[in-house]
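# Kindly generate the corresponding structure for this input.
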Amino acid sequence: QVQLVESGGGLVQAGGSLRLSCATSGRLFSRYNMGWFRQAPRKEREFVAVISWSSSSTDYADSVKGRFTISRDNAKNTVYLQMNSLKPEDTAVYYCAVEREGLWTFRASEYDYWGQGTQVTVSS
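This is a model prediction of the structure:
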């Protein structure tokens, strides 16, 4: 069983920055691809970013490319999402997730474990 706990969300003005963290339990964290997703009110959960187990590969949704950076520290069992130049449309609950099967995927349905989410609100 893997447990994930997100933190770092909050209220920020447009143009500002936040850094989200996702701390995980479980001995096999360093073997898993990790993803960040977000869900705004009345919208489906959408892909934000993914990072491979070794950090050698990353990918981003077009809407956040050049503004967000995903990273991980396997020694600390933690994955991060640095969010810069935030926009009001980035407002959502942000979730981290574990993909155990080695898939390189942007589909939420293919991730196996999820955190409880952290709220990010960007004011205009």
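
# quick one: the residue of the chain positioned farthest from its centre from Phe47, how far?
Distance from the C-alpha centroid of the chain peaks at Ser124, with 22.7 Å (C-alpha atoms, centre = their mean). Separation of Ser124 from Phe47 (C-beta to C-beta, to the nearest Å): 24 Å. C-beta coordinates here come from the backbone N, C-alpha and C atoms, glycine included.

# Can you report how many residues lie near the residue lying closest to the residue farthest from the centre of the chain once chain neighbours are set aside?
Residue nearest to Ser124 in three dimensions, not counting chain neighbours: Pro88, with 4.8 Å by C-beta to C-beta, 6 or more residues apart in numbering. Look at Pro88: counted by other C-beta atoms under 10 Å, it has 11 neighbours.

# Kindly report the same for the one 4 residues further on.
As a burial measure, the neighbour count of Ala92 was computed by other C-beta under 10 Å and equals 22.

# Tell me the bridge partners for Ser71.
Assessed by DSSP bridges, Ser71 has beta-bridge partners Tyr80.

# So for it, what's the pLDDT?
pLDDT recorded at Ser71 is 98.
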